[in-house]
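Undergrad: quick check, what structure comes out for this input:
(chains A and B)
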Amino acid sequence: MPRHHFAHSIFCITPPHMLREIVLNGSDKQRELALRSITISEQVRGQRGAMTKDIISLMKPVATEIKQRIVYDAENGNQLPGKVARQEGEPTVSDIAVNEAYDGSGVTYDMYYKVYGRNSIDNKGLRLDSTVHYQKGYDNAFWNGQQMVYGDGDEDLPESQRLFNRFTAALDVIGHELTHGVTQYEAGLVYWDQSGALNESMSDVFGSLVKQYQRQETADQANWIIGEGLFTSNVNGVGIRSMKEPGTAYNDPVLGKDPQPGHMDDYVKTIEDNGGVHINSGIPNHAFYVTSIELGGYAWEKAGQVWYKTLTEKLTERATFQQAADLTYQAAAELYGTGSLEQQAVQKGWAEVGIMIGGDAPTGCLPAILRVFGLTK
Amino acid sequence: MTKIYFERTGGFMGRKVSVTIEINDLPDDQAELLDDLLDKADFFELPADLTRPTMPDSFSYNITVSSDERQHSVRVGDTTAPDNLRPLLEELSRQARMQR
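TA: Coordinates of the predicted model:
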């Protein structure tokens, strides 16, 4: 018997289910001791029992569950990631963009972990890296495949001509960018045409849910605006997109009118913007909104669960809107039952944007002709 | 006569901004600035396509420069621009944002 066994004898008489509780809920020190005890008792037994395996599988996410964030400063250059500005556990700094990126990625992590049991972007505790002050006059934010990147807006223009504030100012933008990472590790939706618009929509959905979660707003209390606060007072607009009423977020002499459709009848065919990924995302966005309103309460609870399951278990790289509709319908049945109120709400959500569950989107002349002659449904 | 056409698409908002500049119509100092930036970028020697697989929400840029003798277009992404092209990209982006 190993000599150190006696040093931790207390854990040897602790039943496995209690060890498991300690691993999950104990302090860092308690957790460390519990994990060591599990390892030692394994060595003693010389084999891994079913319960131990169970605990070992729990250890993985728990051991890495701790949020890890680093915010970098590009100092208005283009080198990524830039200089470290704030790391996990460090106090607030004087730079507001740094703090917003730090806090925003923290809230996003928390929602994913607490609501969906997801441990960071890759579900394995990946560190959340963000860079602020990217380039000069950079009125944008993006996900580069590894990290989030934020610009300062139009800070380089005369004040009367500025349209955008810094992009960390809106929490849902942070949730949006981080969700691009989640999508990359899950459905891997190709950033082109309908699968690209679904990729964008997933980012808007979970970005909006992060904001609602932080504010503890129910679906009917939320305003469903994406990028609220990004426009300066020079712009006639409330934000970049509206999930509640796509196409109404702004109408401005300089920026023009919000081009998003909220129905398949107004689907925009274009090759710009990767086939209009930021335009046609209005359609699935609105389907999620309608589903959430139908269900009432907190949108992250039921509608969010259906969409999360669809993103992580069902959607494939080149999914279409029709497939997304069918798969959310399937996910709702698996989570809440066939014919459940939840499943009906999903059906209604897609119907309102012109997509029928199990429907068959026409793909050219032949299907249309066959339909005219009653040869297909 | 040298003409520059600049276009920026994509981004979080998915909105296009563009600007067309006739260098000969500009005041001397501004014309010199752009000529200088084109030289520094070695613009006519750049590969036509400097994009890589798209990063979600990043911008794509298209710059076309035409003069009496030649014309060249370059497509480039946010993180794929060579260092010597960046100052030109930044200046054209600033001008396009001022005109949008």
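Undergrad: tell me which residues touch the spatially most central residue of chain B, please.
TA: The centroid of chain B falls nearest to B:Ile63 when counting by C-alpha atoms, centre = their mean (4.0 Å). Residues counted as contacts of B:Ile63 (C-beta atoms under 8 Å, 6 or more residues apart in numbering or on different chains) are B:4-7, B:43, B:73-74, B:76, B:88-89, B:92. For glycine as for every other residue, the C-beta is placed from the backbone atoms N, C-alpha and C.
Undergrad: now those in TSV, with pLDDT?
TA: Below are these laid out as TSV (pLDDT from 0 to 100):
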residue	pLDDT
B:Ile4	97
B:Tyr5	97
B:Phe6	97
B:Glu7	97
B:Phe43	96
B:Ser73	97
B:Val74	97
B:Val76	95
B:Leu88	96
B:Leu89	95
B:Leu92	96
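Undergrad: the residue of the stretch 201-350 of chain A found nearest chain B - how many residues pack around it?
TA: In the stretch 201-350 of chain A, no residue comes nearer to chain B than A:His278, which is 2.6 Å away by C-beta to the nearest C-beta. Neighbour count of A:His278, defined by other C-beta atoms under 10 Å in any protein chain shown: 26.
Undergrad: thinking again about what came up before, sheet-wise, list the partners of the helix or strand harbouring the residue nearest to the centre of chain B with their directions.
TA: Following DSSP states H and E, one finds B:Ile63 within strand B:59-66. Sheet pairing of strand B:59-66 (DSSP bridges) gives strand B:3-10 (antiparallel), strand B:71-77 (antiparallel).
Undergrad: what comes up buried for it?
TA: Within strand B:59-66, the residues scored as buried using 16 or more other C-beta atoms under 10 Å in any protein chain shown are B:59-63, B:65.
Undergrad: for chain A, see how far away B:Leu33 is.
TA: To chain A, B:Leu33 is 15 Å away according to C-beta to the nearest C-beta, to the nearest Å.
Undergrad: check contacts around the closest residue to that residue other than its chain neighbours.
TA: The spatial neighbour of B:Leu33 that comes closest, neighbours along the chain excluded (C-beta to C-beta, 6 or more residues apart in numbering or on different chains), is B:Glu91 at 7.1 Å. Residues near B:Glu91 by C-beta under 8 Å, 6+ apart: B:33-34, B:37.
Undergrad: dump these into a markdown table; add neighbour count as well.
TA: Formatted as a markdown table, the contacts of B:Glu91 follow (neighbours: other C-beta atoms under 10 Å in any protein chain shown):
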| residue | neighbour count |
| --- | --- |
| B:Leu33 | 16 |
| B:Leu34 | 19 |
| B:Leu37 | 20 |
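Undergrad: need the residues you listed in a markdown table (columns: pLDDT and secondary structure).
TA: Shown next, in a markdown table, are these (pLDDT from 0 to 100; DSSP: H, G, I helix; E, B strand; the rest coil):
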| residue | pLDDT | secondary structure |
| --- | --- | --- |
| B:Leu33 | 96 | helix |
| B:Leu34 | 96 | helix |
| B:Leu37 | 97 | helix |
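Undergrad: I'd like those residues written out as CSV, with distance to A:Thr291 added.
TA: Compiled in CSV, these are given as follows (distance: C-beta to C-beta, whole Å):
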residue, distance to A:Thr291
B:Leu33, 53
B:Leu34, 51
B:Leu37, 50
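Undergrad: how about the strands of the stretch 1-150 of chain A, start to end?
TA: Remark: strands assigned in the stretch 1-150 of chain A by DSSP state E, counting those that start in this stretch are A:69-73, A:83-87, A:128-132, A:141-143, A:148-150.
Undergrad: comparing the ones you listed, which comes out most buried?
TA: Among the strands of the stretch 1-150 of chain A, ranked by average contacts under mean count of other C-beta atoms under 10 Å in any protein chain shown, first place goes to strand A:148-150 (a mean of 30).
Undergrad: sheet-wise, list the partners of that one with their directions.
TA: Paired strands of strand A:148-150, with direction, are strand A:128-132 (parallel), strand A:141-143 (antiparallel) (DSSP bridges).
Undergrad: so can I have JSON lines of these showing mean pLDDT?
TA: What follows is those, written out as JSON lines (pLDDT from 0 to 100):
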{"stretch": "strand A:128-132", "mean pLDDT": "98"}
{"stretch": "strand A:141-143", "mean pLDDT": "98"}
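Undergrad: before we move on, back to that, and of the strands of the stretch 1-150 of chain A, who's closest to A:Ala345?
TA: Of all the strands of the stretch 1-150 of chain A, strand A:141-143 sits nearest to A:Ala345, with 30.0 Å by C-beta to C-beta.
Undergrad: what separates that closest one from the chain centre, distance-wise?
TA: Computed by C-alpha atoms, centre = their mean, to the nearest Å, the chain-centroid distance of strand A:141-143 equals 13 Å.
Undergrad: same deal with stretch A:236-249?
TA: With C-alpha atoms, centre = their mean, you get 20 Å for stretch A:236-249.
Undergrad: how far does it stretch from one end to the other?
TA: 9 Å (C-alpha to C-alpha, to the nearest Å).
Undergrad: just checking, what packs against whatever helix or strand A:Gln212 lives in?
TA: Using DSSP H and E, A:Gln212 maps to helix A:193-215. Helix A:193-215 sits against helix A:96-116, helix A:171-185, strand A:225-226, helix A:272-280, helix A:282-295, helix A:303-309, helix A:321-336, with contacts defined as 3 or more C-beta pairs under 8 Å, 6 or more residues apart in numbering or on different chains; DSSP states H and E.
Undergrad: ok, which of the ones you listed comes nearest A:Ala219?
TA: Proximity to A:Ala219 (C-beta to C-beta) singles out helix A:282-295 among the helices and strands packed on helix A:193-215, at 4.1 Å.
Undergrad: does chain B sit close to that closest one?
TA: No. Applying C-beta under 8 Å from any C-beta of the partner chain, one finds helix A:282-295 out of contact with chain B, separated by at least 10.5 Å.
Undergrad: then stretch A:81-97?
TA: No. If you take C-beta under 8 Å from any C-beta as the test, stretch A:81-97 misses chain B, and the best it gets is 11.7 Å.
Undergrad: contacts for the lowest-mean-pLDDT helix or strand in chain B, please.
TA: Least confident helix or strand, chain B: strand B:49-50 with a mean of 90, by mean pLDDT, DSSP states H and E. The contact list for strand B:49-50 (C-beta under 8 Å, 6+ apart) reads B:74-77, B:80-82.
Undergrad: now do stretch A:272-285
TA: A:191-194, A:196-201, A:204-205, A:241, A:243, A:246-247, A:259-264, A:267-270, A:321, A:324, A:353-355, B:9-16, B:54.
Undergrad: how far is it from where the chain is centred?
TA: Worked out by C-alpha atoms, centre = their mean, stretch A:272-285 lies 17 Å from the chain centre.
Undergrad: got the residues of chain B near chain A?
TA: B:9-16, B:53-59, B:78-79, B:81, B:86, B:90, B:93-94, B:97-98, B:100.
Undergrad: how about 7 Å then?
TA: Within chain B, the positions near chain A by C-beta under 7 Å from any C-beta of the partner chain are B:9-14, B:16, B:54-59, B:78-79, B:86, B:90, B:93-94, B:97-98, B:100.
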